[in-house]
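Student: just to be clear, the model below is a prediction. Sequence and coordinates:
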There are 2 protein chains.
Amino acid sequence: MTDFAKTAETIAKRARAASRLMAQCSTAVKSEALNRMAEALVDAAESTIQIANSQDVAAAKEAGLSAALIDRLTLTPKRIGEMATGLREVAALPDPAGEIERMWLRPNGMRVGRMRVPLGVIGVIYESRPNVTAEAAGLCLKAGNAVILRGGSEAVRSNVAIGRLLHDAGLKAGLPEGALTVVDRTERELVGALLKQDRYIDLIIPRGGEGLIRAVMEQSTIPVVKHDKGVCHIYVDEAADPAMAQAVCVNAKVQRPGTCNALETLLVHRAIAPTFLPAVIGRLQQAKVEVRGCERTRKLVKGITAATEADWSAEYLDLILAVRVVDSMDEAVEHIATYGSQHTDAIITQDYQHAMEFLRVVDSSAVMVNASTRLNDGGQFGLGAEIGISTGRLHARGPMGLHDLTTIKYIVLGEGQLRE
Amino acid sequence: MTDFAKTAETIAKRARAASRLMAQCSTAVKSEALNRMAEALVDAAESTIQIANSQDVAAAKEAGLSAALIDRLTLTPKRIGEMATGLREVAALPDPAGEIERMWLRPNGMRVGRMRVPLGVIGVIYESRPNVTAEAAGLCLKAGNAVILRGGSEAVRSNVAIGRLLHDAGLKAGLPEGALTVVDRTERELVGALLKQDRYIDLIIPRGGEGLIRAVMEQSTIPVVKHDKGVCHIYVDEAADPAMAQAVCVNAKVQRPGTCNALETLLVHRAIAPTFLPAVIGRLQQAKVEVRGCERTRKLVKGITAATEADWSAEYLDLILAVRVVDSMDEAVEHIATYGSQHTDAIITQDYQHAMEFLRVVDSSAVMVNASTRLNDGGQFGLGAEIGISTGRLHARGPMGLHDLTTIKYIVLGEGQLRE
């Protein structure tokens, strides 16, 4: 066994042992732990965390990282305050573990039920933003799991400092030793070795760019729930209310363009395009959106860049929008199936048949009628905080909250029933 | 790209294309397809299937396979009839796809719902029993998926013959071309290449021994739901009703010892052991069960083989039982956590506190009070037919029926809602 494999096994085994104790922690203890963690973060915002973070930032500057990356890496007192608020919000959410979803009676008199229980040990592999450390820890622990966090190497000092504070605060509230581990080593080989600990780790959640997700999926023998890119569409139907369609498109593109549920491609029915496109593109351009259009779009609105094939599958995460005129809803649906990422897709229409058909045939984590794609979110859906939006199909799909960080076990209450 | 990778991609892409059409098939078409498949099997039982199967059996004999394996491989008209009955039963089950589990209203007026939809493309990798071909095909197709089946090489002629019959019958009922693929090549490299088709295949279900499951988990970049071994326990508490405890233990061990939910280790509280053990061991020995006991068991009942450390984690699948006397329920729970496989574990007790505690702290796919472990089964639980009992924690745990062969998508019915 290599040194990396040994270290990975030690980390994973320790978390596994802690997970059994975590599963028996009461809701009160878990919530108290998260509240104490929030307090500890605020108390250390201008000391421990600030010192560690400024070292990370200095190293990043020295290494010549981009201004955007350095911004994501930097922890201000405001950002630390938001981390604390996030922990308090999760502390206040109902505990999914222990809930019996359903219980039914069988003909032989035995009662069978489905009880939600913690998943066990969850590994989260993420990139530069150190606030993910607190977010992911809070959600995993509240659901009764042990958690192993491995952030980006450029944020390792910040992550370790935050992890230590959270861990100590958790211990004081009664969480077991080892329930929270922040990996303090940055070698890639150690990540690879952790991804093979399927005996001890139950789930891996990668959060980051496509490269990270692919690498994790290829190496992991542990199940992975991925939070991949969002190439989100709005299809403006011939029967759309133009004012509503404009408002929704502008909101979906502009309200926060850097998020995975922001609009990336607008599809417009040809019957409505001649009036709708000039109007909506005018408003988008006012909001500083660069529009890249198909041939027909460019005939209707002058001075627009031509969209290339690559634009149809682009996740811009920026004030750029691809626009295409389609002949029918079928063509829109086909475009979404070909170029989309099964994240979030919406139709704007007043036609009942079209709405129902779109809901049925489009296969994405969220399919919407007459609503902004930006609403595909755990908070907006009423599910509480989320660890991400799953673009996988197994176990969790769409906003992944506390519920999806648990699994079930069947429980049976019998009176001596036998198999015949 | 190697030849294997190319072939695997062709198979997987074809299934992916079919899966989009499958997802739009009505329940009536899918059920009709399964009923026609059943008919086709019965019609060909004594011709096509018999010929292909007798070639497999002859080859197996020539290769010197064990009598048990040859028995599992052999298709009699009775077994083919059972395959047909199984298909008809699944045809009659309610269709999970399209069901809206729950729909709720948000403060901004939008309605959010969870709609069950097919998983997509499911790959099943299995060993010698050719009846799995019909079983797995029926369940996957009824839930609206495309399915790729790869059975053991010793059964390839039988599997291909069955697959062709099922495929043609499906086409006649209106299923799309490519919805069902039986892989007709037997090279291991092709399985390896299929397990990398994560762009087109959504789930892999391995059914077979530990070696097969481990190999699949290690190679697959596609999510795997495993159906692993069952080291099942019954703990007879000090407060057990002795007659009930005897009946349950004998049933769990003897009723069908070759199944994964059969009893393998019996744990008995020391307070009840002196009276209970001689009685239950007597009955088990009458039923030809070989008992392997701990020291204390062997003091209470003479002439019993000593259990070794290996016995505690053995899945005998045979008329053998390991027996251990424990000092407390805590010791029983600890034994189960150490040696068990999180499959099925039961307590026999009249004590309410003990029952509730056992249900809470034992973490297995089914945890039972006063019932035979043999009852952990899709049919017995009222879930309909099952493709296996999942011992994984992600997506499906316990009996895996039609419901677990689907996923969800969120649907949103709005009136122009925006993100603020």
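Tutor: Looks like it arrived, so ask away.

Student: where does the stretch 201-350 of chain A have low pLDDT?
Tutor: Applying pLDDT under 70 to the stretch 201-350 of chain A picks out no residues at all.

Student: helices of that one, start to end?
Tutor: Secondary structure of the stretch 201-350 of chain A by DSSP state H, counting those that start in this stretch: the helices cover A:210-219, A:242-254, A:273-286, A:295-300, A:309-312, A:329-339.

Student: turn these into TSV, columns for mean neighbour count.
Tutor: Heads up, the C-betas are built off the backbone N, CA and C, glycines and all. Output for those, formatted as TSV (neighbours: other C-beta atoms under 10 Å in any protein chain shown):
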stretch	mean neighbour count
helix A:210-219	16
helix A:242-254	22
helix A:273-286	17
helix A:295-300	17
helix A:309-312	14
helix A:329-339	18
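
Student: and the helix ranked longest in chain A, how far from the chain's centre?
Tutor: Scanning chain A for the helix with the most residues, using DSSP state H, yields helix A:3-22. With C-alpha atoms, centre = their mean, to the nearest Å as the basis, helix A:3-22 stands 25 Å off its chain's centre.

Student: what residues does the stretch 151-300 of chain A have near chain B?
Tutor: Residues of the stretch 151-300 of chain A lying close to chain B (C-beta under 8 Å from any C-beta of the partner chain) are A:198, A:202-203, A:217-218, A:221, A:223-225, A:241, A:244, A:247-248, A:251-252, A:255-256.

Student: let's see it at 7 Å
Tutor: Taking C-beta under 7 Å from any C-beta of the partner chain as the criterion, the neighbours of chain B within the stretch 151-300 of chain A are A:Asp198, A:Asp202, A:Leu203, A:Met217, A:Glu218, A:Thr221, A:Pro223, A:Met244, A:Ala247, A:Val248, A:Asn251, A:Gln255.

Student: pLDDT weak spots in the stretch 1-150 of chain A?
Tutor: In the stretch 1-150 of chain A (pLDDT under 70), no residue qualifies.

Student: OK, now which residue of it is nearest to chain B?
Tutor: A:Val112 (5.0 Å; C-beta to the nearest C-beta).

Student: element containing that residue, please.
Tutor: Applying DSSP states H and E as the criterion places A:Val112 in strand A:111-118.

Student: and that strand, what does it pack onto?
Tutor: strand A:100-105, strand A:406-417 (3 or more C-beta pairs under 7 Å, 6 or more residues apart in numbering or on different chains; DSSP states H and E).

Student: would CSV of these with mean neighbour count and distance to A:Gly303 be doable?
Tutor: CSV is the format used below for the helices and strands packed on strand A:111-118 (neighbours: other C-beta atoms under 10 Å in any protein chain shown; distance: least, C-beta to C-beta, whole Å):
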stretch, mean neighbour count, distance to A:Gly303
strand A:100-105, 11, 56
strand A:406-417, 21, 53
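
Student: can you put those strands in CSV and add distance to chain B?
Tutor: What follows is the helices and strands packed on strand A:111-118, written out as CSV (distance: least, C-beta to the nearest C-beta, whole Å):
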stretch, distance to chain B
strand A:100-105, 7
strand A:406-417, 3
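
Student: possible to save those strands as TSV with distance to B:Leu402?
Tutor: TSV is the format used below for the helices and strands packed on strand A:111-118 (distance: least, C-beta to C-beta, whole Å):
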stretch	distance to B:Leu402
strand A:100-105	16
strand A:406-417	16
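
Student: wait, which of those strands is closest to A:Ile70?
Tutor: When the helices and strands packed on strand A:111-118 are compared by C-beta to C-beta, strand A:406-417 sits nearest A:Ile70, at 36.8 Å.

Student: quick check: angle from the closest one to strand A:111-118?
Tutor: Computed with axes from the mean of the first three to the mean of the last three C-alpha atoms, to 10 degrees, the direction of strand A:406-417 lies at 150 degrees from that of strand A:111-118.

Student: tell me the strands beside strand A:406-417, with direction?
Tutor: strand A:111-118 (antiparallel), strand B:366-371 (parallel) (DSSP bridges).

Student: what sits up against that strand?
Tutor: Strand A:406-417 has contacts (C-beta atoms under 7 Å, 6 or more residues apart in numbering or on different chains) with A:96-97, A:108-119, A:143, B:244, B:247-248, B:359, B:363-372, B:375, B:381, B:393-394, B:397-398.

Student: repeat that for 6 Å
Tutor: Strand A:406-417 is contacted from outside by A:96-97, A:108, A:110-119, A:143, B:244, B:359, B:366-371, B:393, B:397-398, using C-beta atoms under 6 Å, 6 or more residues apart in numbering or on different chains.

Student: do the same with stretch A:330-341
Tutor: Here stretch A:330-341 has contacts from A:Lys229, A:Gly230, A:Val231, A:His233, A:Tyr235, A:Leu267, A:Trp312, A:Ser313, A:Val326, A:Asp345, A:Val361, A:Val362, using C-beta under 6 Å, 6+ apart.

Student: got it, and stretch A:275-285?
Tutor: With C-beta under 6 Å, 6+ apart, stretch A:275-285 has contacts from A:Pro242, A:Gln246, A:Cys249, A:Val250, A:Val268, A:Val291, A:Leu300, A:Val301.

Student: and the contacts of strand A:406-417, which are buried?
Tutor: The neighbour-count test (16 or more other C-beta atoms under 10 Å in any protein chain shown) marks A:96-97, A:110, A:112-119, A:143, B:244, B:359, B:366-371, B:393, B:397-398 as buried among the contacts of strand A:406-417.

Student: quick one, what contacts the residue lying closest to A:Leu405 once chain neighbours are set aside?
Tutor: Computed as C-beta to C-beta, 6 or more residues apart in numbering or on different chains, the closest residue to A:Leu405 that is not its neighbour in sequence is A:Ala143, at 3.9 Å. Applying C-beta under 6 Å, 6+ apart, we find A:Ala143 in contact with A:Pro96, A:Pro118, A:Leu402, A:Leu405, A:Thr406.

Student: surely the first one is within a helix?
Tutor: No. With DSSP: H, G, I helix; E, B strand; the rest coil as the criterion, A:Pro96 is coil rather than part of a helix.

Student: make sure it is actually in contact with A:His403.
Tutor: Yes. Assessed by C-beta atoms under 6 Å, A:Pro96 is found in contact with A:His403 at 5.0 Å.

Student: hey, where'd the strands end up in the stretch 101-250 of chain A?
Tutor: Using DSSP state E, counting those that start in this stretch, the strands found in the stretch 101-250 of chain A span residues A:111-118, A:121-126, A:146-150, A:180-182, A:203-207, A:232-236.

Student: residues in contact with the last one?
Tutor: Contact with strand A:232-236 is made by A:245, A:249, A:261, A:263-268, A:332, A:336, A:340, A:343-348, A:373, as judged by C-beta under 6 Å, 6+ apart.

Student: which neighbours in the sheet does that strand have, and how are they oriented?
Tutor: Short version: by DSSP bridges, strand A:232-236 pairs with strand A:263-269 (parallel), strand A:344-348 (parallel).

Student: and the first one, C-alpha only, in PDB?
Tutor: Taking C-alpha atoms only, strand A:263-269 is exported to PDB below (Å, rounded to 0.1, in the frame of the first residue of the first chain):
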ATOM      1  CA  LEU A 263     -30.400  31.300 -19.100                       C
ATOM      2  CA  GLU A 264     -27.900  30.500 -21.800                       C
ATOM      3  CA  THR A 265     -29.900  29.900 -25.000                       C
ATOM      4  CA  LEU A 266     -33.200  31.500 -26.000                       C
ATOM      5  CA  LEU A 267     -35.400  29.600 -28.500                       C
ATOM      6  CA  VAL A 268     -38.200  31.600 -30.100                       C
ATOM      7  CA  HIS A 269     -41.100  30.300 -32.300                       C
END
